[in-house]
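Q: Can you look at this prediction? I've put the sequence above it.
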Amino acid sequence: MSEIKKIAIVGGKGNGLVVAQVIEDMASAGQNIAVAGFLNDHEPIGSRIGEYEVIGRPREWKKLESDTQIVFALLSVGKMEERSDLLSALLVPEDKLETLVHPTALVGSGVSVGKGSVICSYVTCQPGSSIGNNSIVRAGANLGHDAEVADFVDIGPNCTLCGYSAVAKGAHLAPNSVVRDSVSVGEFGVLSAGSVALRNIEPRTVWMGNPARRVK
């Protein structure tokens, strides 16, 4: 029997427990994987987040056992750029980042998923789509053929990215939003819940509505 791969989650309850559930479901499906614990700046070391122990601070990741992998589970809506800078500043090498794909996800041919990214339950990634590093695609989302998702992106539950759409670094697509085919979302752009992007979203702007219009 192969050794169990241990994963340390950088984050807290909420998103951290979402990622922990992905790991638990992967284990239940027969994969040799388990949650090692949480790296968290706010809870006391030795305390628990859900059923999992806080084993250190994010900056202390080098103190982990050498075979422990890392995944990021931080999200602050409206602070995606700060999040990207924070995680990049930890200088975790790519070979320490674990990619997680839920066993119910459907990943088509020619799909690439970057280091440290998380694909949640019932996600569909159509052929030719791509996901960068340290991004999360949440439950029920659908990435159309040849859709491109960059690094540090958060794709909310039940989002739809139509074919050839593109989501740039650090963008946030809230639940049930839609990006039309060949439309792009700029760096750190935000598409609000239930909104439909029919034209390109500029970097660092917030869009809302159907059709989506810039509100910030």
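A: Yep, it's here. Quick caveat: nothing in here was measured; it's all calculated off a predicted structure.
Q: Count the residues that sit near the nearest residue to Ala193 once chain neighbours are set aside.
A: The shortest distance from Ala193 to any non-neighbouring residue, by Cβ to Cβ, 6 or more residues apart in numbering, is to Ala174 (4.0 Å). For glycine as for every other residue, the C-beta is placed from the backbone atoms N, C-alpha and C. For Ala174, the tally of surrounding residues (other Cβ atoms under 10 Å) stands at 18.
Q: Quick check: phi and psi at Ala174.
A: phi -70, psi 170 (degrees, to the nearest 10).
Q: mind checking pLDDT for it?
A: Looking at Ala174, its pLDDT reads 96.
Q: and the gap between it and Gly30?
A: 34 Å (Cβ to Cβ, to the nearest Å).
Q: Now do the same contact list for the residue nearest the centre of the chain.
A: Ranked by distance to the mean C-alpha position of the chain (Cα atoms, centre = their mean), the top residue is Ile136 at 1.5 Å. By Cβ atoms under 8 Å, 6 or more residues apart in numbering, the contact list for Ile136 reads Asn15, Val19, Ala73, Leu75, Ser117, Val118, Cys120, Val153, Asp154, Ile155.
Q: Over to Gly209?
A: Ser192, Ser195, Val196, Val215.
Q: so which of these is the most crowded?
A: In terms of neighbour count, Ser195 stands highest of those at 24 neighbours, by other Cβ under 10 Å.
Q: Spit out the contact partners of that one.
A: Applying Cβ under 8 Å, 6+ apart to Ser195 gives the contacts Ala174, Ser177, Val178, Trp207, Met208, Gly209, Asn210, Ala212.
Q: ok, now Val123?
A: His102, Ala105, Leu106, Val137, Arg138, Ala139, Gly140, Ala141, Asn142, Leu143.
Q: rerun at 7 Å
A: His102, Ala105, Val137, Ala139, Gly140, Ala141 (Cβ atoms under 7 Å, 6 or more residues apart in numbering).
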